[in-house]
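Novice: coords please:
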Amino acid sequence: MIKKMFVLCTFIVLCISISCDNEPYDGDVFIDDNACQLAIIATGNAATSFNAATEDNYNLFCQVYRDALQDQIEACGDAEGTLQSIISALGNCVIENINLCNLAIENTEIARLNYENAADINLQTTCIAYRVALLNQIEACGDPNGLLQLIISGLGDCTTDGIPTIGTWQLLFILSNNLLDIDNDGIPTTNYLGEIDCYENEFITFNADGTGEFVNNSFPTITFTPISESDVDFFVACTQFNEIIAFTWLQIDNNITITLTQTGEVLYFLKSTSIITTIVEDGFLATSTVDDSTISEDMTFTYLKL
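Specialist: Alright, predicted model coming up:
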């Protein structure tokens, strides 16, 4: 079980390694002495050993992997905190304290971020890593609603796809980098759409003449009440309406640019096989019921081809 679960770590490290070929991991100034690249290689080697760990040598290989991740942070930086999140998930490297499900969720989020931010040349590699991470999350956590399997199906085999953009796409996931329990059932998730009763029939249609339309049918108003220093209760009110927003669109490789006809606002989407994604700043916004504070998250809206 340990070996099967942690094989995804190598894929994620390899994704980070590939993305560092042209610039360092955190986007800062390139390190002339190549310390960052050497640290990435060392992390990859440590991850390979860690993937093959048994109960007898788990503690040793885990500590080596943790140290390699820390060295990579020092050499390359970790602006998004993704490497540190793996270190935190590993804990003290005592197997009894490892929560495989939580670790799988963390690694899936890292793989998703790498995929969404990949250059075209790395898109297939990061897609494969994301797919592997999702499969490992299913094994560790289950997939009672089949949502993870839907994403996997949408990714396909991660090769250059022949599925045309022209047609209708439905919003099926709204994903965040952070876990929240919006429906207050005690189970936090990164797929916020599964927690609310809104956005159930939202569509994008791309026409062959370069025009298209969004069909929006609902919008959530979200509030929260603090119940402790680290926990809140959320409340969601869904307003139903019918709105059609016209646009023009242009696709270059995997990038789709949408320009709203009425306002001129420009939106950017990434297409891969039967998935189209876009990042919406403050796509999740909740206001406090007791003061002026808010909780906001940038969200990845994910559409699947019908």
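Novice: helices of the protein, start to end?
Specialist: Counting by DSSP state H, the segments of the chain that form helices are 2-19, 35-51, 58-76, 82-90, 100-116, 123-141, 147-155.
Novice: ok, which of those helices comes nearest T278?
Specialist: helix 100-116 (9.6 Å; CB to CB). C-beta coordinates here come from the backbone N, C-alpha and C atoms, glycine included.
Novice: rewinding a little: including distance to S296, could the helices of the chain go into JSON lines?
Specialist: Shown next, in JSON lines, are these (distance: least, CB to CB, whole Å):
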{"stretch": "helix 2-19", "distance to S296": "27"}
{"stretch": "helix 35-51", "distance to S296": "32"}
{"stretch": "helix 58-76", "distance to S296": "27"}
{"stretch": "helix 82-90", "distance to S296": "20"}
{"stretch": "helix 100-116", "distance to S296": "18"}
{"stretch": "helix 123-141", "distance to S296": "25"}
{"stretch": "helix 147-155", "distance to S296": "23"}
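Novice: tell me which of these lies nearest to S218.
Specialist: Closest approach to S218 among those (CB to CB): helix 147-155, 18.9 Å.
Novice: and the closest one, what's buried?
Specialist: For helix 147-155, the neighbour count (16 or more other CB atoms under 10 Å) marks L147, L148, L150, I151, I152, G154, L155 as buried.
Novice: which of these sits closest to P226?
Specialist: The closest of the buried residues of helix 147-155 to P226 turns out to be L147 (CB to CB; 28.8 Å).
Novice: that closest one and N107, how far apart?
Specialist: 17 Å (CB to CB, to the nearest Å).
Novice: what sits closest to the residue most central in space within the chain if chain neighbours are left out?
Specialist: Nearest to the mean C-alpha position of the chain, by CA atoms, centre = their mean, lies R112 at 3.5 Å. Closest residue to R112 apart from its sequence neighbours, by CB to CB, 6 or more residues apart in numbering: Y130 at 5.6 Å.
Novice: burial of that neighbour, as a residue count?
Specialist: 29 (other CB atoms under 10 Å).
Novice: wait, it sits on Y115?
Specialist: Yes - here Y130 reaches Y115: they are 4.3 Å apart, a contact under CB atoms under 8 Å.
Novice: who's in contact with the closest residue to A75 other than its chain neighbours?
Specialist: If the residues on either side of it in the chain are set aside, A75 comes closest to A39, at 3.9 Å by CB to CB, 6+ apart. Neighbouring residues of A39 by CB atoms under 8 Å, 6 or more residues apart in numbering: A68, D71, Q72, E74, A75, C76.
Novice: in the biggest strand by length in the chain, which residues are buried?
Specialist: As assigned by DSSP state E, the longest strand anywhere in the chain is strand 232-252. Residues V232, F234, V236, I245, F247, W249, Q251 are the ones in strand 232-252 that count as buried (16+ other CB under 10 Å).
Novice: that one packs against which elements?
Specialist: Judged by 3 or more CB pairs under 8 Å, 6 or more residues apart in numbering; DSSP states H and E, strand 232-252 is in contact with strand 211-226, strand 255-260.
Novice: wait, which of those is closest to A35?
Specialist: strand 255-260 (32.8 Å).
Novice: could you give the angle of that closest one to strand 232-252?
Specialist: Following axes from the mean of the first three to the mean of the last three CA atoms, to 10 degrees, one obtains 100 degrees for the angle between strand 255-260 and strand 232-252.
Novice: pull the distance from stretch 253-270 to the chain's centre.
Specialist: 21 Å (CA atoms, centre = their mean, to the nearest Å).
Novice: count of neighbours near T287?
Specialist: 14.
Novice: that one contacts I222, doesn't it?
Specialist: Yes - with contact defined as CB under 8 Å, T287 counts as touching I222 (7.5 Å).
Novice: please report phi then psi for the residue lying closest to C238 once chain neighbours are set aside.
Specialist: The shortest distance from C238 to any non-neighbouring residue, by CB to CB, 6+ apart, is to C198 (4.2 Å). The phi/psi pair for C198 (degrees, to the nearest 10) reads phi -120, psi 170.
Novice: quick one: contacts for C198?
Specialist: S218, F219, P220, V236, C238 are the contacts of C198 under CB under 8 Å, 6+ apart.
Novice: of those, which is the nearest to C141?
Specialist: Nearest to C141 out of the contacts of C198 is V236 (CB to CB; 23.6 Å).
Novice: fine, thanks again, bye for now.
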